[in-house]
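Q: Build me a model:
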Amino acid sequence: MTEQPTLLIVDDEKPTRDGLRAALEDRYDVYVAEDAQAAFGLLERERFDVMLTDFRLPNEDGLKLITRAKSLSKPPVCILMTAYGSEEIAVEAMKRGADDYIAKGRLQIDELEMRIARALRQQKLEVENVSLHQQLDAKFGLENIIGQSLAMQEVFEIVQQVAPARTTVLLQGQSGTGKELIAKAIHQLSPRAKHPLVSVHCAALSPALLESELFGHEKGAFTGAHERRIGRIEQAQGGTLFLDEIGEIDAAIQIKLLRFLGERTYERVGSNKTLTADVRLIAATNKNLEAMVQAGTFREDLFFRLSVVPIKLPSLRERAGDVPLLAQNFLREFAKENDKTVKDFAPDVLDLLMKHAWPGNVRELRSAIERAVVLCRGEKITARDLPESVRGLVTPGGSEARRILARNDLTMAEAEKQMIIRALEDTKGHRTRAAQILGISRRTLHRKLHTYQLENH
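A: Numbering: from 1, shown residues only. A predicted model of the protein is given here:
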């Protein structure tokens, strides 16, 4: 029989503690604590998979408790609850290492269970990713990254050239463009493929935790450091270290990382002993690091070290010809995963997929197709199976645009023409602003103006 995950509930209100225990104990081995001190004691004695803590506690707030929990060698998933919900608390919670944040006033047990399960899945993936015995399977190979567009073929060519080298690579591109997949492909095609690929999401950790995560720490290096911790650099020995969202690291860690790249040496936090590591670095960012250098928030010397070989990943809008290929691949994947008999798309669906701007890039397309497969009632995905944003019922044009697109007496082409006319009227003919309202590029707008004979509008 599989052991239940262990869950620690920290809340100073007994009814809340008891209520959550009763609701969750059928799926988790539940412990409770009434304050941070009691929680500290339990964390030192027991290994927890999940910690659910209130923000307001009698002696320490929940943020400090999360920091303490995340310093453990095997930290739990941490979810913060608060009745004092605010954007500032949410941001600070994530900086301290919280995996999620939920307001008590809107707390639903079903949603809470879903968030816990999602966070546990993510943690499991991260643990697998840093294992010294990790072996990448074939799905991470370059041949399985889909793309026949010229933009993607150029990316593939650079990947094949750079993979055998030892040089540092900087992956640049919007969120959802597949930077992590490309990093895995570079590693898989390199001589280091038999050694670990270790990933770190820099934006998910506070500076103090990120330093410990990268370089490791000695026992007693700081409050809560109860044992030595091996850092990700040490774990990646002989392999590849992938630093996602590199633009989020602070100045102190930038200096330490620069030294490591130059000398391949580092020290654990709390130690003066110099260690060496043979590790290749691949970094990724969705930020403009050159602009950050100009603004003084990112070191110029580190930027040059990181960007020896820069690879710019195109947005999905820049490789629109790949949308049908990706969509068909996702359809097959999710049909098999969900045991569905869905085999194809209705004729108008691919047209809708091609017209959508995909601000979330490949990740958004993947999610849209997964939803469509799950909701599909036959063997072909229809427009009603797609998210409203893809069907055109929710657009930057507001309620008037929704009204136009929702009319049953208009074809899609007629509705699109009416939206373009309305956008031009609203902007007094300013085509750049009209394109922004419509969520398309100025070049696309010019093409559509020609198609619908609206050049003089």
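Q: what's the burial count for Glu379?
A: By other Cβ atoms under 10 Å, the residues close to Glu379 number 11. For the C-beta atoms, the positions are set from N, CA and C on the backbone; glycine is no exception.
Q: now Ile255
A: There are 13 residues near Ile255, going by other Cβ under 10 Å.
Q: Hmm, it is touching Arg299, no?
A: Yes. With contact defined as Cβ atoms under 8 Å, Ile255 counts as touching Arg299 (7.5 Å).
Q: hey, where'd the strands end up in the stretch 201-350 of the chain?
A: 240-244, 265-266, 275-276, 280-285, 309-312, 344-345 (DSSP state E, counting those that start in this stretch).
Q: okay, and for the stretch 251-400 of the chain, where does confidence drop off?
A: For the stretch 251-400 of the chain, the stretches flagged by pLDDT under 70 are 392-400.
Q: mind redoing it with 50?
A: 394-399 (pLDDT under 50).
Q: could the strands of the stretch 201-350 of the chain be laid out in JSON lines, adding mean neighbour count and distance to Ile145?
A: Converted to JSON lines, the strands of the stretch 201-350 of the chain look like this (neighbours: other Cβ atoms under 10 Å; distance: least, Cβ to Cβ, whole Å):
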{"stretch": "strand 240-244", "mean neighbour count": "24", "distance to Ile145": "16"}
{"stretch": "strand 265-266", "mean neighbour count": "16", "distance to Ile145": "32"}
{"stretch": "strand 275-276", "mean neighbour count": "14", "distance to Ile145": "33"}
{"stretch": "strand 280-285", "mean neighbour count": "25", "distance to Ile145": "15"}
{"stretch": "strand 309-312", "mean neighbour count": "16", "distance to Ile145": "13"}
{"stretch": "strand 344-345", "mean neighbour count": "18", "distance to Ile145": "22"}
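Q: So which of the ones you listed is nearest Ala295?
A: strand 280-285 (14.4 Å; Cβ to Cβ).
Q: Contacts for that closest one, please.
A: 166-173, 179-180, 183, 186-187, 190, 192, 239-247, 261, 306 (Cβ atoms under 8 Å, 6 or more residues apart in numbering).
Q: Among the residues you listed, which are located in helices?
A: Assignment to helices by DSSP state H places the following of the contacts of strand 280-285 there: Lys179, Glu180, Ala183, Ile186, His187, Leu261, Leu306.
Q: Now do the contacts for the third one.
A: With contact taken as Cβ under 8 Å, 6+ apart, Ala183 is in contact with Val169, Leu171, Leu197, Ser199, Thr240, Phe242, Ile282, Ala284.
Q: Bridge partners for the last one, pull those for me.
A: So that's Ala284. Under the criterion DSSP bridges, Ala284 forms beta bridges with Leu171.
Q: okay, now the domains of the chain?
A: 6-129, 138-312, 316-391, 399-451 (automatic domain parsing).
Q: sorry, back to before: now the strands of the stretch 201-350 of the chain in TSV, please, with extra columns for distance to Thr444.
A: Shown next, in TSV, are the strands of the stretch 201-350 of the chain (distance: least, Cβ to Cβ, whole Å):
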stretch	distance to Thr444
strand 240-244	31
strand 265-266	48
strand 275-276	52
strand 280-285	27
strand 309-312	21
strand 344-345	22
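Q: Out of those strands, flag the one nearest Gly321.
A: strand 344-345 (16.0 Å).
Q: Other residues contacting the closest one?
A: With Cβ under 8 Å, 6+ apart as the criterion, strand 344-345 contacts Ala327, Gln328, Leu331, Leu353, Glu379, Lys380, Ile381.
Q: rewinding a little: between the ones in helices among the contacts of strand 280-285, which has the most around it?
A: Neighbour-wise, these (other Cβ under 10 Å) top out at Ile186, 28 neighbours.
Q: Distance check, that one against Lys179.
A: Ile186 sits 11 Å away from Lys179, going by Cβ to Cβ, to the nearest Å.
Q: Low-confidence ranges, the stretch 51-200 of the chain, go.
A: 129-141.
Q: now the strands: where do they sit in it?
A: 77-82, 100-103, 169-172, 197-201.
Q: partners of the last one in the sheet?
A: It refers to strand 197-201. strand 240-244 (parallel).
Q: now the angle from the partner strand to helix 179-188?
A: 170 degrees (axes from the mean of the first three to the mean of the last three Cα atoms, to 10 degrees).
Q: and strand 240-244, how far from the chain's centre?
A: 14 Å (Cα atoms, centre = their mean, to the nearest Å).
Q: likewise stretch 147-165?
A: Taking the mean of its C-alpha atoms, stretch 147-165 sits 23 Å from the chain's own mean (Cα atoms, centre = their mean).
Q: and if you look at stretch 299-312?
A: So, by Cα atoms, centre = their mean, the centroid of stretch 299-312 is 22 Å from its chain's centroid.
Q: Contact partners for Gln328?
A: Phe345.
Q: one step back: could you single out the nearest of the contacts of strand 344-345 to Val50?
A: Leu331 (34.2 Å).
Q: Do I have it right that the closest one meets Arg371?
A: No. Checked against Cβ under 8 Å, the pair Leu331 and Arg371 is beyond contact range at 11.7 Å.
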